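**Q** Fold the following for me, if possible:
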Amino acid sequence: MSAAQDNTMSNANARASRLKSRFAALKAENRPALVSYLTAGDPDADTSHRLLKGLPEAGVDIIELGMPFSDPMADGPAIQKAALRALENGQTQAKTLEMVRRFREDDSTTPIVLMGYYNPIYCYGVERFLDDAASAGVDGLIVVDLPPEHDNELCEPAAQHGIDFIRLATPTTDAKRLPKVLANASGFIYYVSVAGVTGVSAPTPEKLKGAVAELREHTQLPIAVGFGIRSPEQAATIGRFSDAVVVGSALVDCIEQANSGDDAVERVHGLVRELAESVRSCRETREEAIS
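**A** You can find the predicted model right below:
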């Protein structure tokens, strides 16, 4: 076996275990994961790299990195503007993958999930994209506009590259649809807490708790809850009955409101530290039935 082949296999083994290992470790700690979302290249390449690099130290357990797209139909105004800022500053799919590669030079354990839409992946070339993503150290994909009926286009090839394909379940996913959604899912299930786009409405904890409990009856995968979670208090409440809490728009807002790159880094990492402390504080009040 050549050195290159050996390195590829080592990367694949590490990649395949990162999400599973992280959730197992957090289960042992009896706490949920804090998952952060940022758009790659927002507000610019250098600041985006600094933001990404500092997330684990600030308290993030799993990183979702958005792949900028000109028509992000599932995203609210904050993330739409973030995508446009990134694209206007020259962010591309290749540069997003290079960000992951640079991140892996210093961090081989924090899972990274790329989130976005199928069009940029299709234009890049599916096989080329998966090869490059696997090589860079990507752990999973969330592609919001590619339904299970098209699993042969990306989901199944991703599995062959050792990359998890995370599915979205929503309040409108009924009992007939759910088995299709879960069939080839891996890594974790992303439960969309509210109907609509990201960052607009706040979730209702009582309804969420019941929805997550019902979803657990159909899957053994960890369940992450996102869309509309903005504050440490919300994160702690939802973390009591979920396996992960996803915060995105609130962090992206910090970037938009910043006066400079340094200010953006300080604002984002500051909020992450508050969220992390809050999520870790809910250990004692976690539901006994958490998987």
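
**Q** A58 contacts A276, correct?
**A** Yes. Counting by CB atoms under 8 Å, A276 is a contact partner of A58 at 6.7 Å. Bear in mind the C-beta positions are built from the backbone N, C-alpha and C, glycine included.

**Q** ok, which stretches of this structure are strands?
**A** Applying DSSP state E to the chain gives strands spanning 33-39, 62-66, 112-116, 140-143, 164-165, 167-169, 189-192, 223-226, 244-247.

**Q** who does the last one pair up with?
**A** Right, strand 244-247. Within its sheet, and counting by DSSP bridges, strand 244-247 is paired with strand 33-39 (parallel), strand 223-226 (parallel).

**Q** what sits up against that strand?
**A** If you take CB atoms under 8 Å, 6 or more residues apart in numbering as the criterion, strand 244-247 is touched by 23, 32-37, 61-62, 64, 188, 190, 222-227, 229-230, 235, 238-239, 275, 279.

**Q** What of the second one?
**A** Strand 62-66 is contacted from outside by 19, 22, 33-40, 52, 55-56, 79, 82-83, 96, 99-100, 110-116, 142, 244, 246, 248, using CB under 8 Å, 6+ apart.

**Q** so which of the strands of the chain comes closest to A264?
**A** Closest approach to A264 among those is made by strand 33-39 (10.1 Å; CB to CB).

**Q** Report the inter-axis angle for the closest one versus strand 62-66.
**A** 20 degrees (axes from the mean of the first three to the mean of the last three CA atoms, to 10 degrees).

**Q** can you give me the mean pLDDT across strand 33-39?
**A** Averaging pLDDT along strand 33-39 gives 97.

**Q** Using CSV, list the CA coordinates for that strand.
**A** Taking C-alpha atoms only, strand 33-39 is exported to CSV below (Å, rounded to 0.1, in the frame of the first residue of the first chain):
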residue,chain,number,x,y,z
ALA,A,33,-24.0,19.1,21.8
LEU,A,34,-23.7,22.7,20.9
VAL,A,35,-23.8,23.0,17.1
SER,A,36,-23.0,26.3,15.5
TYR,A,37,-23.7,27.4,12.0
LEU,A,38,-21.7,30.0,10.1
THR,A,39,-21.5,30.7,6.4
